[in-house]
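Enquirer: Sharing a model that was predicted from the sequence below.
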Amino acid sequence: MWRKLIIGELTVLAVVLGAARITAARAHDADHRIVPPDEIVFARTYGDWAAQWWQWALSLPAAAHPLLNTADCSVGQSGPVWFLGARSCAIGDTTCNTSQVKRTCTVPFGKLLFFPVLNYADSKLEEASFGNPNATVAEIRAFLAAQVDGSANVSASVDGVPVPHVKERFRVQAPVFSFTLPACNPPDPAHSCDLLSAVGEGPFPPGEYVTNVDDGVYLMVEPLRPGRHTIHFHGEFPAFNFGFDVTYELTITHQ
């Protein structure tokens, strides 16, 4: 059921955007500090950033991965946008609970936060492992769209201020993208080598894989002022009897 169903990832963006500068006051999001879904941020659309998020999440070894609680949220971060996320569970880890996630994270001032409130991805690689090697991109997209269509009670807030109509307004699809699975070096007996294997979809050999797509609800949070902030998001997939509730307690540091 997992099929790269990873919920809830955050990112922070930089103050100076040049030609892609983010304007501060907006009709619906002035208090929520959310970048509109049609905004181009550092020459990338929301869909492009969704692909970047997956590439970040899948490139890290399971033994040092923020989503598996084996590393701090700073691991793998670079540039003006940071990716944060909810919890994934390594197969057989009976102590792991994906449904209730509370994390603390220290973020440098001036970073944007980009995260999926709720998302679902699939690839030719995984479809082949499921016995469907001839799946087309259109078929995979239709499958993903049906799952996100069926999601319920999708919500998000920044410092207690809700983002209105988040599922309707901020749903995007990533373009077809590639990702690279890390090598298992050195192996960690407590985890599989990569995120897909850790959650029971592998094992897959390390290397680059193409023809991957996703569908989801994503938010880009503008740089937050130094101090403490809270980001919360919630969602449910009734078809899988699966729900999640994620809270991030952020500390934005002074430069």
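Expert: It's in.
Enquirer: what are the phi and psi angles of residue 68?
Expert: phi -100, psi 10 (degrees, to the nearest 10).
Enquirer: Over to residue 235?
Expert: Backbone torsions of residue 235, given as degrees, to the nearest 10, read phi -170, psi 160.
Enquirer: And residue 56, by the same measure?
Expert: Torsion angles, degrees, to the nearest 10, at residue 56: phi -60, psi -50.
Enquirer: For residue 82, see how far away it is.
Expert: 9 Å (CB to CB, to the nearest Å). C-beta here means a position set from N, CA and C on the backbone, and glycine is covered the same way.
Enquirer: Repeat that for residue 172.
Expert: Distance from residue 172 to residue 82, by CB to CB: 19 Å.
Enquirer: Could you look up the SS state of residue 125?
Expert: Here residue 125 is helix, with the state taken from DSSP: H, G, I helix; E, B strand; the rest coil.
Enquirer: quick one: contacts for it?
Expert: Contact partners of residue 125, counting by CB atoms under 8 Å, 6 or more residues apart in numbering, are 204, 209, 211, 212.
Enquirer: Look at the last one and report its pLDDT.
Expert: The reference is to residue 212. You'll see residue 212 listed with a pLDDT of 94.
Enquirer: Number of residues surrounding the closest residue to it other than its chain neighbours?
Expert: Excluding the flanking residues, the one nearest residue 212 by CB to CB, 6 or more residues apart in numbering is residue 123, at 3.8 Å. Neighbour count for residue 123, taken as other CB atoms under 10 Å: 28.
Enquirer: Residue 123 is in contact with residue 211, isn't it?
Expert: Yes - between residue 123 and residue 211 there is a contact at 6.3 Å, judged by CB atoms under 8 Å.
Enquirer: Mind checking which of residue 172 and residue 82 has more residues around it?
Expert: More neighbours surround residue 82 than the other of residue 172 and residue 82, with 26 against 19 (other CB under 10 Å).
Enquirer: how much space between the residue nearest to residue 60 when sequence neighbours are not counted and residue 154?
Expert: Closest residue to residue 60 apart from its sequence neighbours, by CB to CB, 6+ apart: residue 76 at 5.1 Å. Distance of residue 76 to residue 154, computed by CB to CB: 26 Å.
Enquirer: higher neighbour count, those two?
Expert: Comparing residue 76 with residue 154 by other CB under 10 Å, the one with more neighbours is residue 154, at 20 against 17.
Enquirer: State the distance from the more buried one to residue 161.
Expert: Taking CB to CB, one finds residue 154 at 16 Å from residue 161.
Enquirer: now swap in residue 147 and tell me
Expert: 28 Å.
Enquirer: ok, now residue 246?
Expert: 17 Å.
Enquirer: more crowded one of those two?
Expert: Shown here are residue 246 and residue 161; by other CB under 10 Å, residue 246 has more neighbours (26 against 14).
Enquirer: Bridged to the more buried one, which residues?
Expert: Beta-bridge partners of residue 246, counted by DSSP bridges, are residue 101, residue 233.
Enquirer: So it versus residue 53, what's the distance?
Expert: To residue 53, residue 246 is 15 Å away according to CB to CB.
Enquirer: Counting neighbours, which bits of stretch 236-248 end up buried?
Expert: In terms of neighbour count (16 or more other CB atoms under 10 Å), stretch 236-248 has its buried residues at 236, 237, 242, 243, 244, 245, 246, 247, 248.
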